[in-house]
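1. pasting a predicted model and its sequence here:
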Amino acid sequence: MTRGASLTFDQVSKSYGAVMALQPTSMSVAPGEFFALLGPSGSGKSTLLGTIAGFVAPSGGRVLVDGTDITGMSPHRRNIGMVFQNYALFPYLTVAQNIAFPLKMRRLPKSEITPRVDRALEMVRLGGFGPRMPAQLSGGQQQRVALARAAVYDPPLLLMDEPLGALDKNLREEMQEELRQFHHTVGATILYVTHDQQEAASMADRIAIMNHGKAEQIGSPHEVYDQPSNSFVARFLGEANMFRLRQVCADGSGHMRCDTEEALSVLARGAASGAVACVRPEDITIATTPTGRDNCFPGRIVDLVQVAGSVRYRVAVTPGCTLSVRASAERRATVLTMNDAVHVGWDAADMLVLPA
Ligand SMILES: Nc1ncnc2c1ncn2[C@@H]1O[C@H](COP(=O)(O)OP(=O)(O)OP(=O)(O)O)[C@@H](O)[C@H]1O
Ligand SMILES: [Mg+2]
């Protein structure tokens, strides 16, 4: 098993003329960590990855791998494996020749190449596929070959830019599982770019949420979901009911009393300097009688959708305010239908006051 490399960004930035693709960014990735860069299109994910690979020359700052400054090093001298969305296999080489390619480039003796290629094929569960041509493989199999090719020379650091982006949903989920296994097996540090929050949350040890060339928040999937540092992060990770606040003041019991733009008065937790308050759909209780939670409002069901294992309601609370509520099947004591008068409620602990 490879020892994963540590990775440090020290004030790394990139501008293209007036476009600030990457604002000065500092962060560290621990040896063996599975670290995801998550963010919308154009948020600077590939740019940041490119500064490690050497495709992007930073405008400022330094990139360090295991403490060594690699900022000015030419790409081919960096001992880094890479996997991209378009697997970029050589179409006229067999699977085995594709995987052997980086070893040949590194002038390994033939006697060493064959066992290494076989081992890499086993690692991605494609033992025996060596003689096939890439065109004779499925999309998922081709992506596994690309993975084997990136990992065959045991790089301590693997960069992956939307590697599953070209695959359909089922195959994607299967491959996510495989990538996790793969990571456990190889031990390399993985930097993984995706704009799919479910994918990042299911695979990564930590996630950096990117927006406008900046890491808005870095933390475990659990942290960034439950403790988003601002409204962008809260919105980007799953669904959130968001309220703009007119006034926030401490209520003396450790909670914040907030007046929303819709003229609702709610109790929440967080800082008095916040501008919005958010509550997740799954933290809201829906019932035919008052819920007894810290925040409780009557409303009417205006939409209802069955999703796997739960029901998503839209509940109109006031003319300007419709809430998303998700109730798991077992939490619904009574069957609710369209236009039913209901009560929704949630506790102050489940509502977070955030900067805009
Ligand atoms: N070579 C370039 N010249 C000018 N602008 C660029 C160049 N490469 C990237 N940019 C700009 O830098 C910003 C960040 O781009 P980047 O490719 O890092 O985004 P991304 O987060 O990877 O997006 P996506 O999810 O669409 O791949 C974008 O506004 C993009 O238009
Ligand atoms: Mg990109």
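-> Sure thing, it's come through. Ligands and ions are numbered 1, 2, ... in the order given.
2. please look at Q85 and M160 and confirm they touch.
-> No - in this structure Q85 lies outside contact range of M160 using CB atoms under 8 Å: 9.3 Å. C-beta: built from backbone N, CA, C; applies to glycine.
3. looking at these two, which one has more neighbours?
-> Higher neighbour count among Q85 and M160: M160, with 24 against 16, using other CB atoms under 10 Å.
4. what strand or helix carries that one?
-> In this structure, M160 is located in strand 157-161 according to DSSP states H and E.
5. go on, V233?
-> V233 belongs to helix 231-236 when elements are defined using DSSP H and E.
6. tell me what that helix is packed against?
-> Judged by 3 or more CB pairs under 8 Å, 6 or more residues apart in numbering; DSSP states H and E, the packing partners of helix 231-236 are strand 206-211, strand 214-219, strand 241-250, strand 276-279, strand 351-354.
7. quick one: name the residues of the stretch 1-150 of the chain near ligand 1.
-> Contacts of the stretch 1-150 of the chain with ligand 1, taken as CB under 6 Å from any ligand atom, map to 16, 19, 21, 39, 41-47.
8. check what pLDDT the residue in the stretch 151-300 of the chain positioned nearest to ligand 1 gets.
-> For the stretch 151-300 of the chain, the nearest residue to ligand 1 under the criterion CB to the nearest ligand atom is H195, separated by 5.0 Å. With respect to pLDDT, H195 has a value of 91.
9. and the closest residue in space to it that isn't next to it in sequence, how many neighbours?
-> Closest residue in space to H195, ignoring its immediate chain neighbours: P40 at 6.0 Å, by CB to CB, 6 or more residues apart in numbering. Around P40 sit 13 other residues, with neighbours defined as other CB under 10 Å.
10. now D350: closest residue in space that isn't a chain neighbour?
-> Closest residue in space to D350, ignoring its immediate chain neighbours: D283 at 3.9 Å, by CB to CB, 6+ apart.
11. helices of this structure, start to end?
-> 45-53, 95-105, 110-123, 139-151, 169-186, 197-203, 221-226, 231-236 (DSSP state H).
12. closest one to M210 among the ones you listed?
-> helix 45-53 (5.4 Å; CB to CB).
13. would you mind splitting the chain into its domains for me?
-> Domains of the chain are assigned by automatic domain parsing as 7-232, 241-354.
14. ends of the first one, how far apart?
-> It stands for domain 7-232. For domain 7-232, the first-to-last residue distance is 26 Å (CA to CA, to the nearest Å).
15. now find how far off-centre that domain is within its chain.
-> The offset between the C-alpha centroid of domain 7-232 and the centroid of the whole chain comes to 13 Å, using CA atoms, centre = their mean, to the nearest Å.
16. and the longest strand for the chain?
-> Using DSSP state E, we find that the single longest strand of the chain is strand 295-307.
17. what residues of that strand count as buried?
-> The neighbour-count criterion (16 or more other CB atoms under 10 Å) identifies 295, 297, 299, 301, 304 as the buried residues of strand 295-307.
18. quick one, the strand holding M160 and helix 45-53 angle?
-> Computed by axes from the mean of the first three to the mean of the last three CA atoms, to 10 degrees, the angle separating strand 157-161 from helix 45-53 equals 150 degrees.
19. I figured F9 hits M27, correct?
-> Yes - with contact defined as CB under 8 Å, F9 counts as touching M27 (5.2 Å).
20. of those two, which one has the most company?
-> Each of F9 and M27 had its neighbours counted (other CB under 10 Å), and the higher figure belongs to F9 (23 against 16).
21. beta-bridge partners for that one, please?
-> With DSSP bridges as the criterion, the beta-bridge partners of F9 are M27, V63.
22. who's in contact with it?
-> F9 sits next to 25-28, 48, 51, 61-63 when contact means CB atoms under 8 Å, 6 or more residues apart in numbering.
23. which positions in the stretch 151-300 of the chain make contact with ligand 1?
-> So far as CB under 6 Å from any ligand atom goes, the stretch 151-300 of the chain lies against ligand 1 at H195.
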